[in-house]
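Colleague: I would like to see how this sequence folds:
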Amino acid sequence: MNGPDLFSISTGISLLPFYWRTVVKPYIWQALILCSLMLLGAMLDMATVGLSVPLFNAVTNATGFQDNKVIVSITGMMKFIGVPLSTNTVIVVLLVIGSALFVVRSALSLFQQYCTARIAHKLRRKTKFALFESSLRSQYEEQLKRGRGAILADINNPSGAMYAAILSLAGLFTGVFNGLFLLGLMVYLSWWAALMVGILAIGGVQVLRRILDQRAYSCGRVISQLGRDLAKLEVDSIDGLKVVKAHVLESKMVEKQQSLLEAEARPMLQVVIFRNGPMFINEVAASLIVLGLGAMTFLAPSMGLHFSTLVAFLLAIRKVSPAMASINAASVELNRVKPDLEVFDEILHLMPPEKHGQQSVERVEELRLADISFYYVSRPEERVLKSVDLVMKRGSVTAIVGPTGSGKSTIANLFVGLLTPRLGTISVNGVDLQQLSMSAWRRKVGYVCQDTFLFNATLRENIALWDETVSQADVEWAAGVAQLHEFVMTLPEGYDTVVGDRGLRLSGGQCQRVAIARAILRHPEVLIFDEATSALDNLTERAVYEAISALRKDAIVIVIAHRLSTIKGADQIAVLRSGRVIELGTHESLLNRGGAYADLYEGEDNGRAEGPAALESR
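Modeller: Purely as a prediction, here's the structure:
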């Protein structure tokens, strides 16, 4: 992925612009509330630690009540409300205040974590929605370059990464605020001791981040790529389960998965060390600092560090250490998820959406291909179509025949708008197809593609495609035209029968008939059948085409077929070879011409399997 860097102190690029754009700016008020909670929590932490000094003084009475401003304030308040003064009552009041601060701090922490998780969940949902929508609305040809497993990984992984990044970002700022306030308390208690602790703490954070950030990012890239490979393998294995079982590939697929999982283990364990290792280092450093300050308190009392102050420093250091560790851990985590967040930016901003205009067509009277040429971007040297010209009128049937790879299905995809011609124009009533609203145009097209796909839903849902405005009578009419209704009536659940994943519970011919019913349900003005009856027996295929022929007066029908017996009644037949239209005419005229179509038809009529090969050889 070549998306913009999102977080890398070591490379001089900051996460802040990215998070400002994606998190803070859209949710500025929530972010301000969270920051206020973090600041208030840090202040309470500072107050709780600072309270240890007067409490220790009260317990030991080391310097007297009048030497501590907090104790002076508390005793003044006790006198005002009439509470008798004594060392014990002052200690009890200090303990009550300290306990109250702990409870309030815990409540604030819980509320802050809830708010953070809520925002993180919302952003995860929005991220996944945006990626899913972007993938569906992107150019079909672009998606052909990527495997289904990679597409699914690129939809799911960034949303999880966004959730983890928000939580880590909250931990980062919480650690920063806590560390700054506690260092401020230390400065108040002893500036020289605080300076020493601050230099060691901040210096340690920067050193560790420089060491760990780029390593964490590298591990994240490896984990992200392995995740895509793993998703691809698993999706391919499930989709191709019939092939896997037929060719006894279970062991090989399991071995490949195990190999990927083992390769994933090392970088993931390294990230665990990068994330949690700084905590150990900080604990060791904190212990050495405490020992050093303790030695100075007893050996050099002239430095002004009292024992009560040492206790407060000890508590502050014990809280600063995890705060600094949380900063390092958050930095590591943000770098680990960086590759997935780059995918988020790349898909949303670099994946080209479909190009189409805003014009609509009230009634389709003519379709025209004018000098159409096409090649796939991945294979620019291979022209799939070369200067194709075809005109189709309303009320007519156009059949397109030719050997495999001659460009028949590409023409169908061009008509639906899935592909865009490199040269030439596809026009609808004289208007360039690219100027039309693609959603409005596709509602006028009924398309049955070569690779029939059914959703894991009921037969009714697969035919009506969740359109609640479609009546049961309409569904049954479409199924009847597709020669499917009688079969559905034999099922115990009828049209409420779930067809299984990709129509697994139906035969190939039954799946094709469901797809045909789906295509004709809304009486489209353009009907495209791309070898849509290849899995049907001859009698059923003939019955389907006879039923569809009754719809031709209100539509343009385009039939791509290998079996020529079903297209004899077509108004025109275009014969493709190597991307060019080499013959065009009716069934009778092409037979009388004695060319490629005649050879193909004669070969089929005599039952010769080499029919398509004969067409290619001419």
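
Colleague: average model confidence for the helix or strand hosting Ser439?
Modeller: Using DSSP states H and E, Ser439 maps to helix 438-442. Across helix 438-442, the average pLDDT comes to 87.

Colleague: check which helix or strand covers the spatially most central residue of the chain.
Modeller: The chain has Ile155 as the residue nearest its centroid, 1.6 Å off, counting by CA atoms, centre = their mean. Using DSSP H and E, Ile155 sits within helix 148-189.

Colleague: quick revisit: the residue nearest to the centre of the chain reaches Ala130, doesn't it?
Modeller: No: Ile155 lies out of contact with Ala130 (CB atoms under 8 Å); the separation is 9.7 Å. For the C-beta atoms, the positions are set from N, CA and C on the backbone; glycine is no exception.

Colleague: how is this protein partitioned into domains?
Modeller: Dividing the chain into domains by automatic domain parsing, as the record does, gives the ranges 16-28+114-350, 356-442+566-618.

Colleague: re earlier: name the residues of the helix holding Ser439 that come out as buried.
Modeller: Neighbour counts over helix 438-442 (16 or more other CB atoms under 10 Å) mark Met438, Trp441, Arg442 as buried.

Colleague: adding distance to Val104, write the residues you listed out as CSV.
Modeller: Shown next, in CSV, are the buried residues of helix 438-442 (distance: CB to CB, whole Å):
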residue, distance to Val104
Met438, 58
Trp441, 62
Arg442, 59
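
Colleague: wait, which of the residues you listed is closest to Arg379?
Modeller: Met438 (24.8 Å; CB to CB).

Colleague: who are the contact partners of that closest one?
Modeller: Glu354, His356, Gly417 (CB atoms under 8 Å, 6 or more residues apart in numbering).

Colleague: ok, and the most crowded of these?
Modeller: When neighbours are counted by other CB atoms under 10 Å, Gly417 leads the contacts of Met438 with 20 neighbours.

Colleague: ok, that one to Ile520 distance?
Modeller: Here the criterion is CB to CB, to the nearest Å. By it, Gly417 lies 19 Å from Ile520.

Colleague: is it possible to get CSV of the domains of the chain that adds distance to Ser106?
Modeller: Below are those laid out as CSV (distance: least, CB to CB, whole Å):
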stretch, distance to Ser106
domain 16-28+114-350, 13
domain 356-442+566-618, 53
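
Colleague: mean pLDDT for these: which is lowest?
Modeller: domain 16-28+114-350 (a mean of 74).

Colleague: mind listing the strands for the protein?
Modeller: Under the criterion DSSP state E, strands of the chain are mapped to 366-374, 385-393, 397-401, 423-428, 431-432, 445-448, 526-530, 556-560, 572-577, 580-585.

Colleague: now do the contacts for the residue sitting furthest away from the middle of the chain.
Modeller: For the chain, the largest distance from the centre (CA atoms, centre = their mean) belongs to Pro84, which lies 66.2 Å off. For Pro84, the contact set (CB under 8 Å, 6+ apart) comprises Met78.

Colleague: of the contacts of Met438, closest to Ile327?
Modeller: Glu354 (44.0 Å).

Colleague: ramachandran coordinates for the closest one?
Modeller: Backbone torsions of Glu354, given as degrees, to the nearest 10, read phi -60, psi 140.

Colleague: what's the separation between it and Ser138?
Modeller: 7 Å.

Colleague: and Ile119, by the same measure?
Modeller: 28 Å.

Colleague: swap in Gly595?
Modeller: 42 Å.

Colleague: one more: Leu39?
Modeller: Distance, Leu39 to Ser138, using CB to CB: 42 Å.

Colleague: and for the closest residue to Ile155 other than its chain neighbours, the neighbour number?
Modeller: Excluding its sequence neighbours, the residue lying closest to Ile155 (CB to CB, 6 or more residues apart in numbering) is Leu131, at 4.7 Å. A total of 23 residues lie near Leu131 under the criterion other CB under 10 Å.

Colleague: repeat that for Ser259.
Modeller: Ser259: 13 neighbours (other CB under 10 Å).

Colleague: swap in Val470?
Modeller: 16.

Colleague: next up, the contacts around it.
Modeller: Val470 makes contact with Ala464, Leu521, Arg522 under the criterion CB under 8 Å, 6+ apart.

Colleague: please list only the buried members of these.
Modeller: The neighbour count (16+ other CB under 10 Å) marks Ala464, Leu521, Arg522 as buried among the contacts of Val470.

Colleague: dump the residues you listed to a markdown table, plus distance to Val248 and pLDDT.
Modeller: As requested, those are exported to a markdown table (distance: CB to CB, whole Å; pLDDT from 0 to 100):
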| residue | distance to Val248 | pLDDT |
| --- | --- | --- |
| Ala464 | 40 | 91 |
| Leu521 | 42 | 89 |
| Arg522 | 45 | 85 |
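
Colleague: kindly indicate which of those lies nearest Val481.
Modeller: Leu521 (9.2 Å).

Colleague: what's near enough to touch the residue lying closest to the closest one once chain neighbours are set aside?
Modeller: Sequence neighbours aside, Ala478 is the residue nearest to Leu521 in space, at 4.2 Å (criterion: CB to CB, 6+ apart). The contact partners of Ala478, by CB under 8 Å, 6+ apart, come to Ile463, Ala517, Arg518, Ile520, Leu521.

Colleague: one more time with 6 Å, if that's ok
Modeller: Ala517, Ile520, Leu521 (CB atoms under 6 Å, 6 or more residues apart in numbering).

Colleague: those in helices, which ones?
Modeller: Among the contacts of Ala478, the residues falling in helices (DSSP state H) are Ala517, Ile520.

Colleague: for Ile119 and Ser138, indicate the residue with more neighbours.
Modeller: Taking other CB under 10 Å, Ile119 and Ser138 do not tie; Ile119 has more neighbours (20 against 17).

Colleague: which ones are touching that one?
Modeller: Gln30.

Colleague: and Ala161, by the same measure?
Modeller: Residues in contact with Ala161, defined by CB under 6 Å, 6+ apart, are Val337, Asp340, Leu341.

Colleague: which of the residues you listed sits closest to Thr452?
Modeller: Looking across the contacts of Ala161 and measuring by CB to CB, the closest to Thr452 is Asp340, at 34.1 Å.

Colleague: wait, doesn't that closest one sit right on Ser224?
Modeller: Yes: if you go by CB atoms under 6 Å, Asp340 and Ser224 touch, sitting 5.4 Å apart.

Colleague: of these two, who's got more company?
Modeller: Asp340 (28 against 25).

Colleague: and the nearest residue to Asn456 once chain neighbours are set aside, how many residues sit next to it?
Modeller: Leaving aside its sequence neighbours, Asn456 sits nearest to Asp501 (CB to CB, 6+ apart; 4.7 Å). Neighbour count of Asp501, defined by other CB under 10 Å: 13.

Colleague: per-residue pLDDT of Asp501, please?
Modeller: Asp501 is given a pLDDT of 77.

Colleague: also the one 4 residues further on?
Modeller: Note on Arg505: pLDDT of 83.

Colleague: please list all residues in contact with it.
Modeller: Val499.

Colleague: quick one, phi/psi of it?
Modeller: phi -80, psi 0.

Colleague: where exactly do the helices run in the stretch 451-600 of the chain?
Modeller: Applying DSSP state H, counting those that start in this stretch to the stretch 451-600 of the chain gives helices spanning 459-464, 472-481, 485-489, 508-520, 538-549, 587-593, 596-605.

Colleague: got the contact list for the longest one?
Modeller: Outside of helix 508-520, the residues that reach it under the criterion CB under 6 Å, 6+ apart are 446, 448, 452, 454, 462-463, 478-479, 481-484, 503, 532, 535-536.
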